[in-house]
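Student: here you go, sequence then predicted model.
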Amino acid sequence: MASGRRAQLIQDIIVAIQDEQTQNAFLSNAIAERLGVTSTELEVLGTLVARGALSAGDLARRTGLTSGAVTRLIDRLAERGIVRRRADPADRRRVLVEITPAALRASEPFYQPIAREGTALLEERTEKELEVILEYLRINYEFTKRHTERVEAMPDRVQLPKRRVNIKANVLGQKVRIRF
């Protein structure tokens, strides 16, 4: 059984993770909207920026998207000049996908300040703190990926309650009430 302080820390961390994930989603949606891409396209672009050129199969594995979905996404982005395909120098039979310089320039106003401030925050941490952060992020990635796969494998959508409508009005002198 966790001590009172430990239990409170665990609860505070759970709430902080939820807050952080929610804010990351809002930030990503705001950037995607301003760049004119979908949130999924933005996540793929972020993966390419962070990891460099990847094959479509690597993108599928990193994102959890099907190979068909990744191929269609790459086609859309390539048509717009956001990504390009190139031969893998290590294996000419393989094709890599990379973000274009123009797309990188377009995204800089959004990501440069984040990268600069994020790096400064990390530089304030000790090596031990950085090791703990890195370990947590790696564990959390696998945790989140497992649960993403679990949710995607669920057979049916759960329907949340729909908005109820209750209208009262006078129509041609008659009191009318509509509910649904």
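Tutor: Thanks, I have the structure now. Residues are numbered from 1 along each chain as shown.
Student: which stretches of this protein form strands?
Tutor: Here the chain has its strands, by DSSP state E, at 83-88, 91-99, 166-171, 174-179.
Student: what's the angle from the last one to strand 166-171?
Tutor: On the basis of axes from the mean of the first three to the mean of the last three Cα atoms, to 10 degrees, strand 174-179 is oriented at 160 degrees to strand 166-171.
Student: kindly report the same for the first one.
Tutor: An angle of 150 degrees separates the directions of strand 83-88 and strand 166-171 when computed by the same axes, to 10 degrees.
Student: same question for strand 83-88: list its buried residues.
Tutor: Using 16 or more other Cβ atoms under 10 Å as the test for burial, strand 83-88 gives 83-84. For glycine as for every other residue, the C-beta is placed from the backbone atoms N, C-alpha and C.
Student: can I get it as CSV, trimmed to CA atoms?
Tutor: C-alpha atoms of strand 83-88 as CSV (Å, rounded to 0.1, in the frame of the first residue of the first chain):
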residue,chain,number,x,y,z
VAL,A,83,7.2,15.7,-48.3
ARG,A,84,9.1,14.0,-51.0
ARG,A,85,10.2,10.4,-51.7
ARG,A,86,13.8,9.6,-52.4
ALA,A,87,15.8,6.4,-52.8
ASP,A,88,17.5,5.0,-49.7
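Student: check the offset of stretch 150-167 from the chain's centre.
Tutor: 22 Å (Cα atoms, centre = their mean, to the nearest Å).
Student: what's the answer for stretch 30-47, then?
Tutor: Counting by Cα atoms, centre = their mean, stretch 30-47 comes out at 9 Å from the chain centroid.
Student: from the contact counts, what lies against the biggest helix by length in the chain?
Tutor: For the chain, the longest helix by residue count, based on DSSP state H, is helix 4-35. If you count contacts as 3 or more Cβ pairs under 8 Å, 6 or more residues apart in numbering; DSSP states H and E, helix 4-35 packs onto helix 39-51, helix 101-123.
Student: in this protein, what spans have low per-residue confidence?
Tutor: Residue ranges of the chain with pLDDT under 70: 1-2.
Student: setting aside sequence neighbours, what's the nearest residue to the spatially most central residue of it?
Tutor: What sits nearest the mean C-alpha location of the chain, by Cα atoms, centre = their mean, is Glu43, with 5.1 Å. Spatial nearest neighbour of Glu43, excluding adjacent residues (Cβ to Cβ, 6 or more residues apart in numbering): Thr63 at 6.4 Å.
Student: in this protein, which residue sits furthest out from the middle?
Tutor: Gly173 (53.7 Å).
Student: re the thing from before, any buried residues in the longest helix of the chain, and which?
Tutor: By neighbour count on 16+ other Cβ under 10 Å, the buried set for helix 4-35 is 31-32, 35.
Student: thank you kindly, that will do.
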